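**Student:** dropping a prediction and its sequence here:
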Amino acid sequence: MTPQYVAAIDQGTTSSRCIVFDRAGDIVSVAQREHRQIFPRPGWVEHDAAEIWENVQLVVREALAAAGTDPGGLAAVGITNQRETTVVWDRATGQPVANAIVWQDTRTGPQLRELERGYGEQRLRERTGLILATYFAGPKLRWLLEHVDGLAERAERGEVLFGTMDSWLIWKLTGRHVTDVTNASRTMLMDLRTLDWDPELLDALGVPAAMLPQIHSSAEVYGTAGGVLEGVPVASALGDQQAALFGQTCFQAGEAKCTYGTGSFLLLNTGTGPVTSSHGLLTTVAYRIEGQPAVYALEGAIAVTGSLVQWLRDNLGLISTAGEVEELARTVEDNGGCYVVPAFSGLFAPHWRPDARGVIAGLTGYITKGHLARAVLEASAWQTREVVDAMNADSDVALRRLRVDGGMTANELLMQFLADVLTVPVVRSRITETTCLGAAYAAGLAVGFWPDLATLRAQWRSDAQWESAMDPGDRERELHQWRKAVRRTLDWVE
């Protein structure tokens, strides 16, 4: 039969999903499974890659069944993934040699200090677009090579393979060891301009080239799947934030989106040349379509937004579901002078302070759980404001509107407050699951299911827009208070 659908696998930080899309880009079915978050020590975050693979197979089966189809109904499958999370597995058995080290993990300070001494941060930034931060995959790989018995020697012999989650899933589906330019650009090991592994950086981090995947475009056929997707072309891989940019059809320089999930990530398309930030942003590859030049982006990464709501639910027990946070926050008119800065793993963009830890500032006897809920939501908006200010300083054109997506955009109180503090329109995509949509779009392009980018752009629709309604004086006063609270988080870890 003629395939009617394209599927996307979204391997995220807290769960794995499969979404099936039709030719109009509409969702036909969704399946999702959470996986364990493993915290062996303070600041350490791990996942079981084998558990994730089992969950991926389950959600694929469930999504296909819900869509009333089998693998034959799919023109292609695309993959989008939590970025920087680092997996090493045995080439022969396919088993992980240790738990995956998650992007939020902060254990790699010694590896970063060694890299700074041996290579230098400015040189690293010019070569990779990244800064020395625990966020990225290369130092996590170095940590595994140093701390798993015999792993460095096995890596030299080519007996073990490294990958981010896209590589892990492509390998399990097709047997091919590949990654795409967006995920490779998050390792500290790829040259942004050559789009290949950099021998000097491999040497500086002590990473054997034999364990690295081949770097490919984001939209091309990597191979044909077996198992649960028997016969389906695996035709795209995009880091989750780049996939959301693609799903939001931000194909022109100057267009930006922010995805509100576990963390939040604002990406600005800068065209076919990398732009170096001087205000704490990252330079990254936005996407590359096979046979075309790479497109680049500036990125502001915020570590904790949606996961702060989860913390309110799971650790404090103030709500029983994430959706209840809006109802609780609406029980008060304002934050009561309370501010939450969720530097659980340090501060990311634009500060990049791994020494920071979270604070609740301004507590008085007046504060209720409603004020705390409101401060939790406002934290996501103020962190976005800091990134937008940095982006405006780096870019030739100030941000004039922000396209938003992700689970938190269902929270209309947050969306209004975001428009209030940014003073630009906030526009929500009709399909908020743009991460999966971007992976599906790229896979569909690769196999001709959709003919070109213009077709995809014509399909984009908004479903809501918010305009700023806050008094300018109130905004400046609140911003001042937020900045004071941020300063309280610094220098906590010595």
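**Tutor:** Looks like it arrived, so ask away.

**Student:** quick check: residue 18 is in a strand.
**Tutor:** Yes. Under DSSP: H, G, I helix; E, B strand; the rest coil, residue 18 falls within a strand.

**Student:** count the residues that sit near it.
**Tutor:** Residue 18 has 30 neighbours, counted by other Cβ atoms under 10 Å. All C-beta atoms are positioned from the backbone trio N, CA, C, and that covers glycine.

**Student:** compute the number of surrounding residues for the closest residue in space to it that isn't next to it in sequence.
**Tutor:** Ranked by Cβ to Cβ, 6 or more residues apart in numbering and with sequence neighbours excluded, the top spatial neighbour of residue 18 is residue 63, at 3.9 Å. Neighbour count of residue 63, defined by other Cβ under 10 Å: 23.

**Student:** got a list of what residue 63 touches?
**Tutor:** Contacts for residue 63 were tallied using Cβ atoms under 8 Å, 6 or more residues apart in numbering; they are 7, 18, 19, 20, 29, 30, 31.

**Student:** give the buried residues for the helix or strand containing residue 122.
**Tutor:** Per DSSP states H and E, residue 122 falls inside helix 121-128. By 16 or more other Cβ atoms under 10 Å, the buried positions in helix 121-128 come out as 124, 125, 127, 128.

**Student:** over to stretch 260-271?
**Tutor:** Buried, per 16+ other Cβ under 10 Å, within stretch 260-271: 260, 261, 262, 263, 264, 265, 266, 267, 268, 269, 270.

**Student:** check the offset of it from the chain's centre.
**Tutor:** Here the centre of stretch 260-271 is set off from its chain's centre by 8 Å, with Cα atoms, centre = their mean, to the nearest Å.

**Student:** again with stretch 447-458
**Tutor:** The answer for stretch 447-458 is 24 Å, by Cα atoms, centre = their mean.

**Student:** now that stretch: buried residues?
**Tutor:** Neighbour-count burial for stretch 447-458, counted by 16+ other Cβ under 10 Å, picks out 447, 449, 450, 453, 456.

**Student:** just checking, the fourth one touches residue 251?
**Tutor:** Spelled out, that is residue 453. Yes. In this structure residue 453 lies within contact range of residue 251 using Cβ atoms under 8 Å: 5.2 Å.

**Student:** what about the strands in the stretch 101-250 of the chain?
**Tutor:** Per DSSP state E, counting those that start in this stretch, the stretch 101-250 of the chain carries strands over the ranges 160-163, 178-180, 190-191, 196-197, 214-216, 219-224, 233-239.

**Student:** direction included, what does the third one pair up with?
**Tutor:** Which is strand 190-191. Strand 190-191 has the following sheet partners, assigned by DSSP bridges: strand 196-197 (antiparallel).

**Student:** quick revisit: now for the helix holding residue 122, which elements pack on it?
**Tutor:** Helices and strands touching helix 121-128, by 3 or more Cβ pairs under 8 Å, 6 or more residues apart in numbering; DSSP states H and E, are strand 190-191, helix 199-205.
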